[in-house]
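Chemist: Got a sequence here, can you build the structure:
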Amino acid sequence: MQKRAETVRIRAVGDVCLGEHPFCIGWGGRSTILRSGSSYPFEFVQEVLCEGDIVIANLEGPVSESEALDGGIGNRIFKGDRYGVEALKLAGFNVVSIANNHIFQHGSACFQETIRILAQYGILPVGLREGGRTVPKIMEIRGIRCGILAYSIVPDPFRKNEQHGTPPNFDEMISEIRELKEEVDRVVVSCHWGLELMRRPERRTRVLAHAMSDAGADLLIGHHPHVLQGVEEYNDSLILYSLGNFFVDFLWSSALRHSVIADMNMPISGRIEYKLIPVMVSSELRPIVTNKPEQLWRQRFMPKIDSIARVPSKGSDRAEFIHVNRLNMYNQLRKIAFLFRNWKRLDPITKQFVRDKIYGSL
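Modeler: Residues are numbered from 1 along each chain as shown. Down below sits the predicted model:
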């Protein structure tokens, strides 16, 4: 009987925000965990997640124990606390990407506190920059050396380069992937990229994904669009362009609540076997595995992308720009409708924030 080759079991999800959107302060992500306990949010997916050797998510925003959470609304948006990190640990997460456009939203001190709290719970942050380079995390599992990198390609209004380090450019990312590939058997890259709300990866994202794969990336895990996008098998690399929202209180649109758990088995070389486990985020902010067949879920929300198909030309950029603007307009209308449907349950600080915005525009 032939011995089965050893593999690394990877479970990956998309965006996780342990704080709250301004429209959900007092009853969104952070408040749900404080009210119901750290085991509550991921109770229905914990069994699946805990089967992984590497269980990874994108941590969209910092965490802090600062009492300043009682301050103004700007000091509370997208900021979680240690109970959220405890929830991640209980669910089985052991790696999070901190390379995104919200991790520095509350400054350097809060960012450093985030890193300390993650360390206290034994969760590895990937995407840290030191000495002008991205620091890889290397894990050896059943004799397979896996190197993990994380990059954000999204403009970050909160990053102050003199404090947080200059983000890598294209050539630096490709060089870092090549160098890491020489040290390990497998390279996993977490990528914050693409355009929000787009159902298919834009041209620039596909070009970058292919370049990273050619440089040695075996698995690319995408996030930031907040909706599901397709999967591409490019050469022997697996590209998950966007895994959607996994724990984010964007409850005004069902498209923002469709999610998956990517369940992968990665051998020391060759093709990565994978399946996608359909997940729906409930109105109580609990990811729940659905009874929908994987094939139906994929056909509807994240069709496979043919790697032989031509990558769209530069001429498609304008059409993509127009399409994204239209999607953003519809999303804003849904948010406004959501706001007024839930007006009675809003925190007073949110109501004042809305009034100030309305009066300020008159």
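
Chemist: Could you verify that residue 175 is part of a helix?
Modeler: Yes: when DSSP: H, G, I helix; E, B strand; the rest coil is applied, residue 175 is found to be in a helix.

Chemist: Neighbours of it, how many?
Modeler: Residue 175 has 14 neighbours, counted by other C-beta atoms under 10 Å. Glycine gets a C-beta too; all of them are placed from N, C-alpha and C.

Chemist: Apart from its neighbours in sequence, what residue is nearest it?
Modeler: residue 215 (8.0 Å; C-beta to C-beta, 6 or more residues apart in numbering).

Chemist: how much space between the one you found and residue 178?
Modeler: Residue 215 sits 5 Å away from residue 178, going by C-beta to C-beta, to the nearest Å.

Chemist: These two - which one has more neighbours?
Modeler: Taking neighbours as other C-beta under 10 Å, residue 215 and residue 178 compare with residue 215 leading, 18 against 15.

Chemist: is it true that the more buried one touches residue 172?
Modeler: No: with contact defined as C-beta atoms under 8 Å, residue 215 does not count as touching residue 172 (11.3 Å).

Chemist: who's in contact with the residue nearest to residue 339 when sequence neighbours are not counted?
Modeler: Leaving aside its chain neighbours, residue 339 sits nearest to residue 23 (5.4 Å; criterion: C-beta to C-beta, 6+ apart). Applying C-beta atoms under 8 Å, 6 or more residues apart in numbering, we find residue 23 in contact with 252, 335, 338, 339, 342, 346, 350.

Chemist: Enumerate the strands of the stretch 251-362 of the chain by residue range, in sequence order.
Modeler: Using DSSP state E, counting those that start in this stretch, the strands of the stretch 251-362 of the chain run over residues 258-267, 273-281, 287-289, 304-305.

Chemist: Include mean neighbour count when you put these into TSV, please.
Modeler: Listed next are the strands of the stretch 251-362 of the chain as TSV, based on neighbours: other C-beta atoms under 10 Å:
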stretch	mean neighbour count
strand 258-267	22
strand 273-281	19
strand 287-289	19
strand 304-305	16
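
Chemist: Put together TSV for these, with mean pLDDT on each row.
Modeler: Below are those laid out as TSV (pLDDT from 0 to 100):
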stretch	mean pLDDT
strand 258-267	96
strand 273-281	95
strand 287-289	96
strand 304-305	69
